[in-house]
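**Student:** Just to be clear, the model below is a prediction. Sequence and coordinates:
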Amino acid sequence: KQEVTQIPAALSVPEGENLVLNCSFTDSAIYNLQWFRQDPGKGLTSLLLIQSSQREQTSGRLNASLDKSSGRSTLYIAASQPGDSATYLCAVGSGAGSYQLTFGKGTKLSVIP
Amino acid sequence: SAVISQKPSRDICQRGTSLTIQCQVDSQVTMMFWYRQQPGQSLTLIATANQGSEATYESGFVIDKFPISRPNLTFSTLTVSNMSPEDSSIYLCSVVLAVPGELFFGEGSRLTVL
């Protein structure tokens, strides 16, 4: 059974800092990995999707990497802003044609002005 | 991406009652799903909503408790039946669009059962 762990559970940084969020998974036979953002009381916003054949994806100030062999992904946020404050969720998809995702519990990020 | 609308956005309900949550997508999608997020927990898949047929439920979820309808490619409902305080959660509708495997989510429906 796939398990997804996100460390740290919470992170507080001053505005302008670069930061890294970590995600690890137990079964390396994944189809893809997706990073989401969730604001309090809201739904999820898709940030980046990495297919199993890819090593990284970039969108603006966000860069996500994937190392299947070690069961790890990182989300790098450059020049953090207060608007980046949210909970970031990592989700792993297993099996082509199966869209069931296994989610981590998330990292709650606070960017202090 | 798609615009995914859920109703209600939140509700407070009494124990023993039932509530139906609606999910409307602004484009036709093949795959629709319902997730639950309990307080302080991550998301758990309840079921896949199949158009024109019975939903496919994950382990631990049953049709009698969470009946799902999907009459067409843009709409689905999830009913939470005979509610108890343990059903207090955020319920989220999600869809898969053109990019293989990329999921998009609605805003969620926050349910509190007293």
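**Tutor:** Received it, and whenever you're ready, just let me know what you need.
**Student:** Just want the most central residue of chain B.
**Tutor:** For chain B, B:Trp34 is the residue whose C-alpha lies nearest the centre (CA atoms, centre = their mean; 3.4 Å).
**Student:** residue contacts, that residue?
**Tutor:** Contacts of B:Trp34 were listed using CB atoms under 8 Å, 6 or more residues apart in numbering or on different chains, and they are B:23, B:45-47, B:49, B:66, B:68, B:76, B:78, B:91-94. For every residue, glycine as well, the C-beta is placed using N, CA and C.
**Student:** Run through these and flag the ones next to chain A.
**Tutor:** When contact is defined as CB under 8 Å from any CB of the partner chain, the contacts of B:Trp34 meet chain A at B:45, B:92, B:94.
**Student:** Okay, now the sheet partners of the host helix or strand of the second one, with direction.
**Tutor:** B:Leu92 belongs to strand B:89-96 when elements are defined using DSSP states H and E. Applying DSSP bridges, strand B:89-96 is found paired with strand B:31-37 (antiparallel), strand B:103-105 (antiparallel), strand B:109-113 (antiparallel).
**Student:** buried stuff in the shortest one?
**Tutor:** If I follow you right, that is strand B:103-105. Within strand B:103-105, the residues scored as buried using 16 or more other CB atoms under 10 Å in any protein chain shown are B:103-105.
**Student:** coming back round to it: which residues touch the strand holding B:Leu92?
**Tutor:** For strand B:89-96, using CB under 8 Å, 6+ apart, the contacting residues are A:41, A:43-44, A:99, B:2, B:4, B:6, B:21, B:23, B:25, B:29-39, B:43, B:46, B:76, B:78, B:80, B:102-106, B:108-111.
**Student:** Any of those buried? List them.
**Tutor:** Applying 16+ other CB under 10 Å to the contacts of strand B:89-96 flags A:43-44, A:99, B:2, B:4, B:6, B:21, B:23, B:25, B:29, B:31-37, B:43, B:46, B:76, B:78, B:80, B:102-106, B:108-111 as buried.
**Student:** Lovely, talk soon.
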